[in-house]
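K.L.:
need a 3D model of the sequence below.
(2 chains)
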Protein chains: 2
Amino acid sequence: MTPPDLDGLRALDARDPLASKRAEFLIPGGVIYLDGNSLGVLPARVPERMERVVREEWGQDLIRSWNTHGWIDLPARVGARIARLIGADADEVIAADSTSVNLFKVLSAALHVAAKGDPRRRVIVAEEDNFPTDLYIAQGLAALLGEARAELRLVAPHRVADAVGDDTAVLMLTQVDYRTGERHDLPAVTRRAHERGALAVWDLAHSAGAFPVDLNGAGADFAVGCGYKYLNGGPGAPAFLYVARRHHADAPNVLSGWMGHASPFEFTSRYTGASGIGQYATGTPSILSLSALDAALEVFEDVEMRLVREKSLSLTRTFIELTRPLCARHGFRLATPEDDARRGSQVSLAHPHGYEIMQALIAAGVVGDFRAPNLLRFGFTPLYTSHEDVWHAVQTLDTVMREGRWQDARYAERNAVT
Amino acid sequence: MTPPDLDGLRALDARDPLASKRAEFLIPGGVIYLDGNSLGVLPARVPERMERVVREEWGQDLIRSWNTHGWIDLPARVGARIARLIGADADEVIAADSTSVNLFKVLSAALHVAAKGDPRRRVIVAEEDNFPTDLYIAQGLAALLGEARAELRLVAPHRVADAVGDDTAVLMLTQVDYRTGERHDLPAVTRRAHERGALAVWDLAHSAGAFPVDLNGAGADFAVGCGYKYLNGGPGAPAFLYVARRHHADAPNVLSGWMGHASPFEFTSRYTGASGIGQYATGTPSILSLSALDAALEVFEDVEMRLVREKSLSLTRTFIELTRPLCARHGFRLATPEDDARRGSQVSLAHPHGYEIMQALIAAGVVGDFRAPNLLRFGFTPLYTSHEDVWHAVQTLDTVMREGRWQDARYAERNAVT
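P.N.:
Next up is the predicted model:
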């Protein structure tokens, strides 16, 4: 296959049905940003919304804004916006807390449901190379409950569905691998978990906003996800959680704070959880951060996620084709599946000097990131990335390699966050 | 005692050493705001900081801001600012999550420490009228652990220290009652808990920023508190938690997310907590909300908390004196202790028509709030409230009562958040 040329890519951009969305983002000048899988670009409507929330809602209207500006319902409203992107009903998702905290809630809820069905089911099965915080949270929960009630069993990648047995309560899986960008078949894995009597808990950190997800179509049980990657909600944006409606009555929230109470403003001393998704809220919601996420999600309101997926695959395919000669020339190895169905919206290249190369590439205006031990990650965000961006990014990478820029000593110095 | 007159109060304001701080807040026109115990007023430097964080740090510098703008250390830096206000060392406090989530962390940590010392110690003793979310969180934790390992025992107000027995792990107490404004003697109660072999967990929601707290002087074990009341961090601002250094090595965080890991960016599959206060972080910190709180705390940098307390007592005393005639005239009952030592920075008046009266008072430009069943709450924030404000507030309350305005039907309609 002939690698794509710049004219051909420009032609793809010219007929891109999502091309107009780019103007809804404030993309810094002189930068090709391929790190939206780590922190999404600032949507143009966010600064204005923040100004209004800070100066008017907080500054002028103060405490009454809980009612008049609907702060109290913001977690549910933001959740409803996200629900549409992940194939959930509006009242099955709320925005709250961090992904880690939400995972603690849904994992403990899932263990509770599973044990009620069959007390022997106490194992959480997960992949050993899952994004670490999920494993850490499961370890913390298992340590708290003790081995009679919970155990985390780590298995090799792709062995997770096979590892579900009679003692398994929960299969916990991140749909897209944060290093390789490889994508699990969510419906198939969910079905296999259910066939073997386990519940499925999905982490959609690299899925929500990147491509359509159909949680209800797949019969998923619980999910969590991130607000600051493909949803563009800002650094450390509130996360979300999903609980299938059939579990609302029997899956209590152990982080039972007042915002999950059936009547929080009655200030009773006894906890009674709300009946719906609201029971999975905990403390007072972070209105400033939630407002930024809410404004960021408005960008998705008129977007068909099917088109996002089509463009995403076109962008990642283009990147793979364009970097193929660089692999031979400069010693990169493609770490991401070439099969479209098995790829998220990210491509990773392995290289023994990956860290230094990424620093030199960033200095040259192409922003990706690095993940140990040797991966250069490139995230492709269809709402604000063009095929032409991909072309220039690969040209720059080639230049950085040809000129040996990455060998400059300053690029070897590691930052706190890499 | 003669009630204070307006000239006398103006004279107090004229020699108020904190008077200049008022200019550091954006107080809405036409309003006397006595609800800073629920949501603090917007500090003038916050909008500017938010604009910079959104447009420059996020918008321009994007992912590299984790390093270049120190986002990664923001929870610790904000924690250090709060530490000074509550008598902790800088490395004993971090800002993170919500008060409810933080309480779950410190309560489970405290139960762990107590059980290690003596496995029979499994009871959390708390006041039955504590702010509900603390009780709800303790209930959730106790339900999760099961009665062999944890039990929440609710006792009548002020009986909490007496109720500490051989089975008590933790005495959990909010220093200032959210309804009455009554203040516990933190050092004395901590001492009694320790004498009886229990640990002390304090909720400083209505303490931090309202008056000096000396956690280390009192030998407290754990504490949590709120960022959006007297610290003015904005609606739903991140909360904080304190763990005395002597517990850092033996009090693990069960919400063990990646931000509490010793080396989060090594992405290992096994959790190893950081050695210091950083281990009590969980998920990715909410940078927008934390930045607002950080800017709000700058207001306190040159403030002596001793002066805040002196002015707070003068304001609350003034309010109590001025409302004394109204109690007789209009049927109010003072619900807050007159003894200075037993009062936080809030005064509450009980009235059978409290809800309607508060709505009418708010409509007349004096903002307090209502707590069921019958309490009008007035919070006094020494950095932006003057004695003259107190005078006008009481005059307005008297007018609302004399004119019977509160009897207007529209004031009886209850809002979602009251």
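K.L.:
what's the burial count for A:R245?
P.N.:
Neighbour count for A:R245, taken as other CB atoms under 10 Å in any protein chain shown: 13. C-beta here means a position set from N, CA and C on the backbone, and glycine is covered the same way.
K.L.:
excluding its backbone neighbours, what's nearest it?
P.N.:
Using CB to CB, 6 or more residues apart in numbering or on different chains and skipping residues adjacent in sequence, the residue nearest A:R245 is A:E92, 5.7 Å away.
K.L.:
where does pLDDT dip in chain A?
P.N.:
For chain A, the stretches with pLDDT under 70 are A:1, A:415-418.
K.L.:
work out which residue lies at the spatial centre of it.
P.N.:
A:A205 (1.8 Å; CA atoms, centre = their mean).
K.L.:
residue in the stretch 151-300 of chain A with the shortest distance to chain B?
P.N.:
Here the residue of the stretch 151-300 of chain A nearest chain B is A:G283; by CB to the nearest CB that distance is 2.4 Å.
K.L.:
that residue should be in a helix, yeah?
P.N.:
No: read with DSSP: H, G, I helix; E, B strand; the rest coil, A:G283 is coil and lies in no helix.
K.L.:
right, and it touches B:P238 too?
P.N.:
No: taking contacts as CB atoms under 8 Å, A:G283 lies outside contact range of B:P238: 9.9 Å.
K.L.:
ok, these two, which is more surrounded?
P.N.:
B:P238 (32 against 27).
K.L.:
so does whichever strand in chain A runs longest get close to chain B?
P.N.:
Counting residues, the longest strand in chain A under DSSP state E turns out to be strand A:168-174. No: Strand A:168-174 lies apart from chain B when judged by CB under 8 Å from any CB of the partner chain; the minimum separation is 12.8 Å.
K.L.:
that strand - contacts with which helices or strands?
P.N.:
Identification of packing neighbours for strand A:168-174 by 3 or more CB pairs under 8 Å, 6 or more residues apart in numbering or on different chains; DSSP states H and E yields helix A:99-117, strand A:123-127, helix A:132-145, helix A:186-195, strand A:199-203.
K.L.:
relative to helix A:186-195, how tilted is that strand?
P.N.:
170 degrees (axes from the mean of the first three to the mean of the last three CA atoms, to 10 degrees).
K.L.:
can you list the strands that strand A:168-174 pairs with?
P.N.:
strand A:123-127 (parallel), strand A:199-203 (parallel) (DSSP bridges).
K.L.:
which residues are contacting the next helix or strand along the chain from the last one?
P.N.:
Using DSSP states H and E, the helix or strand that directly follows strand A:199-203 along the chain is helix A:215-218. Identification of contacts with helix A:215-218 by CB atoms under 8 Å, 6 or more residues apart in numbering or on different chains yields A:86-89, A:92, A:186-187, A:190-191, A:202, A:223, A:242, A:244.
K.L.:
most widely separated two among those?
P.N.:
A:D89 and A:R191 (20.3 Å; CB to CB).
K.L.:
pull up the distance across stretch A:218-231, start to finish.
P.N.:
The first and final residues of stretch A:218-231 sit 22 Å from each other (CA to CA, to the nearest Å).
K.L.:
may I see the buried residues of it?
P.N.:
By neighbour count with 16 or more other CB atoms under 10 Å in any protein chain shown, stretch A:218-231 contains the buried residues A:218, A:220-231.
K.L.:
repeat for stretch A:77-89
P.N.:
A:78-88.
K.L.:
please save the CA atoms from that stretch in CSV.
P.N.:
Below are the C-alpha coordinates for stretch A:77-89, written out as CSV (Å, rounded to 0.1, in the frame of the first residue of the first chain):
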residue,chain,number,x,y,z
ARG,A,77,-26.9,17.0,34.4
VAL,A,78,-23.3,16.4,33.6
GLY,A,79,-23.9,12.7,34.0
ALA,A,80,-26.8,12.8,31.5
ARG,A,81,-24.5,14.4,28.9
ILE,A,82,-21.9,11.7,29.4
ALA,A,83,-24.6,9.0,29.3
ARG,A,84,-25.4,9.7,25.7
LEU,A,85,-21.7,9.1,24.7
ILE,A,86,-21.5,5.7,26.5
GLY,A,87,-24.8,4.1,25.7
ALA,A,88,-26.4,4.6,29.1
ASP,A,89,-29.7,6.1,30.1
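K.L.:
residues in contact with the closest residue to chain B within the stretch 51-200 of chain A?
P.N.:
Proximity of the stretch 51-200 of chain A to chain B (CB to the nearest CB) peaks at A:S98, 2.4 Å away. By CB under 8 Å, 6+ apart, the residues touching A:S98 are A:236, A:238-239, B:97, B:257, B:282-284, B:286.
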